[in-house]
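Engineer: Fold the following and give me the result.
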Amino acid sequence: THSGGAVELALDTEGGKAVLSVKDTGVGIAKEDLPYIFDRFYRVDKARTREVGGVGLGLSSCKEIADAHGGALDAVSEPGKGTVFIVKLPLADQAAIV
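Structural biologist: Next up, the predicted model:
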């Protein structure tokens, strides 16, 4: 998200899961790139170098963490309007909490 843009966080519950959404007003992600954004080393902007951006592991790591905890990570995006990342994680069993 560029200067002057916005990032919104929301937390809710749905069907026994905590649902965290992170929405930005950035440039968005093209439809053809969306299926690959959670792949290791995938970069949407091929022109970016290591000095300008990361190595393409952040989203992959986040997805692996969510999966390891029985959850899921997804993204919805529209170029020019921003992206929403949605993390769903199972809630703790209330009977197990002391």
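Engineer: Any buried residues in stretch 33-43, and which?
Structural biologist: Along stretch 33-43, the positions that meet the burial threshold by neighbour count (16 or more other C-beta atoms under 10 Å) are L34, I37, F38, R43. Using the backbone N, CA and C atoms, a C-beta is placed for each residue, glycine as well.
Engineer: The closest residue to the second one other than its chain neighbours in helix, strand or coil?
Structural biologist: By that I understand I37. Of all residues not flanking I37 in the chain, L59 sits nearest, at 5.5 Å (C-beta to C-beta, 6 or more residues apart in numbering). Following DSSP: H, G, I helix; E, B strand; the rest coil, the label given to L59 is helix.
Engineer: show me where the protein has helices.
Structural biologist: Counting by DSSP state H, residue ranges of the helices within the chain are 58-68.
Engineer: Relative to F85, how far out is the residue nearest to P90 when sequence neighbours are not counted?
Structural biologist: Spatial nearest neighbour of P90, chain neighbours left out: G70 (4.9 Å); criterion: C-beta to C-beta, 6+ apart. Going from G70 to F85 by C-beta to C-beta, to the nearest Å gives 18 Å.
Engineer: my guess is L20 meets T13, correct?
Structural biologist: No: in this structure L20 lies outside contact range of T13 using C-beta atoms under 8 Å: 10.5 Å.
Engineer: Looking at these two now, which is surrounded by more residues?
Structural biologist: Residue environment comparison for L20 versus T13 gives the larger neighbour count to L20, 17 against 10, counting by other C-beta atoms under 10 Å.
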